[in-house]
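>>> With the input below, show me the fold.
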Amino acid sequence: MSTLYVETNSESADDLYDKRIIYRSRISKEPYNNIVDFNFAEKFFYGRVSRHYVPIIIKGNEKTKRFSSSAAAVDNLSAMNFVVDAFEKLAQQFRKCAATGKIHTSDPYLSNLVVHKAYTDPKKLYDEHLTSRINFVVSRFKNERIRVQDFDEFILKLIPLLEEMKIRTIPFTEPAFVKSRYCPINASGLVVEIADLDPTNDDDKINKFLNSKNWAFYVNACNSYGFMVDRFIPWRLVADIGSQDMIKEYASKYGIDHTNKVFRYNYKTVHAAYFLKFRYYMLNLYNKIKVKDYTVQEQCDGRTVNKIITPQTYTKYKFDNLYSELYFLKLYFKIRFMEEESKFEPSERKNLIDDCLQLYSSQNLGVALKNFERILNKPFDYNGSLSYYYKYTNVRRELDISNT
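Below you'll find the model as predicted:
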């Protein structure tokens with residue numbers, strides 16, 4: 001076992017804490033601007049939110065491209081089209097330098113760059129996540145014998161349960177999922193991983209990457225081709241969509257000559273398509289928790305009698321007529337507030353919902369959802385945002401001054 005760096009999370013809590021600090025100290029000394037901490041503040045959302053911090057995903061498969069067989073360890077790996085082009089040029093450069101003796105050819109990872117992981121479809125990830133959340137809800141209703149006779153009663157009993165499920169950290173809706181730790185940065189299509197190593201093993205990071213004779217060449221070459229290197233997963237390359245090298249040399253081939261166009265042409269917001277399915281996700285959940293019938297006891301003429309309740313069954317036509325789009329818009333707003341780390345006071349929440357419902361009535365659903373998500377997702381003063389750190393630092397400074 002390494003005396004300095006973590007090899008496995010099964011080590012003691014004290015060892016994990018001390019060794020993680022040592023790794024952080026070591027990596028922080030690297031003199032390269034393109035080594036980036038993607039766990040810090042807004043960088044955590046990189047490639048998964050718009051410039052308004054609204055959750056986004058790639059528009060479609062036509063925006064992605066497969067890596068050539070010579071560049072990938074397994075078949076069918078893909079990423080954003082211009083990211084694939086940039087990486088394959090970078091890999092070609094490594095092969096040339098290895099052939100001419102400019103870099104050490106014995107390095108298992110940093111002499112011949114090979115893709116081991118890349119784009120991960122966030123929709124598939126969300127489907128798996130939603131299934132686990134639905135199963136959890138169904139088991140709670142079943143185990144606690146929670147009975148409902150119709151959809152209205154189901155929602156009344158579901159909301160407190162969602163609060164118990166801590167959906168702020170384990171999201172329920174797709175927009176919240178895309179921003180969460182359950183959705184990796186690979187879902188952005190901007191990521192290429194050149195090793196299939198354990199990201200918790202700091203000893204491998206040091207010995208196989210930072211101590212490599214090719215390390216300096218690797219980081220500098222990544223920078224010249226428009227890639228950042230993940231500080232805590234050094235085999236992870238992330239395309240820098242603010243880099244002129246990435247935009248001019250590679251993205252421009254696809255009609256993208258500015259960072260704003262990366263968002264405009266290649267991504268779409270999550271909430272628009274998700275909301276159209278939201279009502280049927282909820283109906284499906286209702287149908288899963290609904291029992292065939294159940295018995296309740298009632299008082300009748302001074303005596304207790306058993307009454308059999310048969311829960312309401314809904315056809316799609318009946319359900320759509322009973323529960324309007326407006327009904328689900330209000331429900332969506334309520335659940336989304338539960339998921340986000342917002343600093344809205346109850347009165348502010350009410351005002352935002354009322355304003356967005358007014359937009360729905362006076363304009364349309366798209367405008368209402370767009371404005372709600374933009375305001376809800378603003379990171380200012382949220383725990384972990386840059387403004388939070390700046391504000392906290394200033395408050396601490398004022399307190400230190402006042403205590404002197």
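
>>> where along the stretch 51-200 of the chain do the helices fall?
Remark: helices assigned in the stretch 51-200 of the chain by DSSP state H, counting those that start in this stretch are 81-99, 122-143, 151-164, 174-179.

>>> Under the pLDDT cut-off, which ranges of the stretch 251-400 of the chain? List them.
Applying pLDDT under 70 to the stretch 251-400 of the chain flags residues 380-400.

>>> Please, where are all the strands along it?
In the stretch 251-400 of the chain, the segments counted as strands under DSSP state E, counting those that start in this stretch are 267-269, 294-300, 303-309.

>>> just to revisit the earlier point, minimum distance to residue 305: which of the helices of the stretch 51-200 of the chain has it?
Shortest distance between residue 305 and the helices of the stretch 51-200 of the chain, using CB to CB, is found for helix 151-164: 21.2 Å. All C-beta atoms are positioned from the backbone trio N, CA, C, and that covers glycine.

>>> Could you pull out the buried residues of the closest one?
For helix 151-164, the neighbour count (16 or more other CB atoms under 10 Å) marks 151, 154, 155, 158, 162 as buried.

>>> So the protein: which segments form each domain?
Structural domains annotated on the chain: 13-117+187-254, 122-181+271-323, 341-404, as defined by automatic domain parsing.

>>> And the ones you listed: which comes nearest residue 331?
Nearest of these (CB to CB): domain 122-181+271-323, 6.7 Å.

>>> Now do the closest one: distance to the chain's middle.
Relative to the chain's own centre, domain 122-181+271-323 is displaced by 24 Å; criterion: CA atoms, centre = their mean, to the nearest Å.

>>> Now do the end-to-end distance for it.
End-to-end distance for domain 122-181+271-323, by CA to CA, to the nearest Å: 29 Å.

>>> Which stretch among the helices of the stretch 51-200 of the chain is buried most, on average?
Greatest average neighbour count among these goes to helix 174-179 (a mean of 26), per mean count of other CB atoms under 10 Å.

>>> With only the CA atoms kept, save it in CSV.
The C-alpha trace of helix 174-179 is given here as CSV (Å, rounded to 0.1, in the frame of the first residue of the first chain):
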residue,chain,number,x,y,z
GLU,A,174,-34.4,14.9,-15.9
PRO,A,175,-33.3,18.6,-15.8
ALA,A,176,-32.1,18.1,-12.2
PHE,A,177,-30.5,14.8,-13.1
VAL,A,178,-28.4,16.3,-15.9
LYS,A,179,-26.9,18.9,-13.4
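
>>> Looking at it now, give me its mean pLDDT.
Averaging pLDDT along helix 174-179 gives 97.

>>> tell me what that helix is packed against?
Applying 3 or more CB pairs under 8 Å, 6 or more residues apart in numbering; DSSP states H and E, one finds that helix 174-179 contacts helix 122-143, helix 271-289, helix 325-339.

>>> Tell me who's in contact with the closest residue to residue 251 other than its chain neighbours.
Once flanking residues are discounted, residue 251 sits nearest to residue 82: 4.2 Å by CB to CB, 6 or more residues apart in numbering. Contact partners of residue 82, counting by CB atoms under 8 Å, 6 or more residues apart in numbering, are 239, 246, 250, 251, 253, 254, 256.

>>> still on that earlier bit, now, of the strands of the stretch 251-400 of the chain, which is deepest in the fold?
strand 267-269 (a mean of 19).

>>> So in that sheet, which strands flank it, and in what orientation?
strand 56-58 (antiparallel) (DSSP bridges).

>>> outside of the partner strand, which residues touch it?
48-50, 64, 80, 119, 122-123, 178, 187-189, 263, 266-270.

>>> ok, back up a step: so which of the helices of the stretch 51-200 of the chain gets nearest residue 70?
helix 81-99 (8.3 Å).

>>> and the gap between residue 53 and residue 172?
Per CB to CB, to the nearest Å, residue 53 is found 19 Å from residue 172.

>>> Kindly export stretch 265-284 (C-alpha atoms) in CSV.
Backbone C-alpha positions of stretch 265-284 (Å, rounded to 0.1, in the frame of the first residue of the first chain) are rendered in CSV as follows:
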residue,chain,number,x,y,z
TYR,A,265,-26.1,24.5,-32.9
ASN,A,266,-25.2,21.4,-30.8
TYR,A,267,-27.3,21.5,-27.6
LYS,A,268,-30.9,21.8,-26.6
THR,A,269,-32.4,22.4,-23.2
VAL,A,270,-33.6,19.4,-21.3
HIS,A,271,-36.8,20.8,-19.8
ALA,A,272,-38.8,21.3,-23.0
ALA,A,273,-38.9,17.7,-24.2
TYR,A,274,-39.0,16.4,-20.6
PHE,A,275,-42.1,18.3,-19.6
LEU,A,276,-44.0,16.7,-22.5
LYS,A,277,-43.4,13.3,-21.0
PHE,A,278,-43.7,14.4,-17.3
ARG,A,279,-47.4,13.8,-17.0
TYR,A,280,-47.1,10.3,-18.3
TYR,A,281,-44.2,9.5,-16.0
MET,A,282,-46.5,10.5,-13.2
LEU,A,283,-49.4,8.5,-14.5
ASN,A,284,-47.1,5.5,-14.9
